[in-house]
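Chemist: Provided below for reference: sequence and predicted model.
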Amino acid sequence: MADCIFCKIAKKEIPSDIVYEDKYTLGFLDIKPVSLGHTLVIPKTHAETLDKLNENTLGSLIAAVQKISKAINKISEGYNVIQNNKEVAGQVVHHAHFHIVPRKSGDGIHWERPNPKFSEKQLREIVDKIKQNLTN
Ligand SMILES: [Zn+2]
């Protein structure tokens, strides 16, 4: 997409601190890092969200995420892998991407997580809805 910042980064029209590259994917440092080494991993072809990626692209992307995660794991105490889809879920750039966030003790990063309770009926209904909407 012409006006997509991640497409421009993938085409090297905008410089980035690249940590990994293969034919289908690019890994580079987030310009607003949560921690030192916070890396974004993107497909080189545009897709807005994870569900829009074709299977081959997703396969390459997740393999790259694991490869970079292995490197980050060697230089940190742990790491988070985060993937947001659509604004309501915190997606800022509308080009599918994974975050890999290196972690260390006392880094102050805390993911807020509400813990709502649901009835048995609600749980059975949502299981059915998800199953009914699965497609190949
Ligand atoms: Zn894009």
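Modeler: Noted; the coordinates are in hand.
Chemist: and the chain, which of its residues are near the ion?
Modeler: Met1, Cys4, Phe6, Cys7, His46, His95 (C-beta under 5 Å from the ion). Where you see a C-beta, it was placed from the backbone N, CA and C, and this is true even at glycine.
Chemist: dump the residue contacts of Leu61.
Modeler: Tyr24, Thr25, Val41, Ile42, Pro43, Leu53, Ala96, Phe98 (C-beta atoms under 8 Å, 6 or more residues apart in numbering).
Chemist: what kind of secondary structure is it in?
Modeler: Per DSSP: H, G, I helix; E, B strand; the rest coil, the local secondary structure of Leu61 is helix.
Chemist: Just the pLDDT at it, thanks.
Modeler: On pLDDT, Leu61 comes in at 98.
Chemist: Next: Pro114.
Modeler: On pLDDT, Pro114 comes in at 88.
Chemist: Give me the secondary structure label for it.
Modeler: Looking at Pro114 with three-state DSSP, the answer is coil.
Chemist: Then the one 10 residues further on?
Modeler: Recorded secondary structure, Arg124: helix (three-state DSSP).
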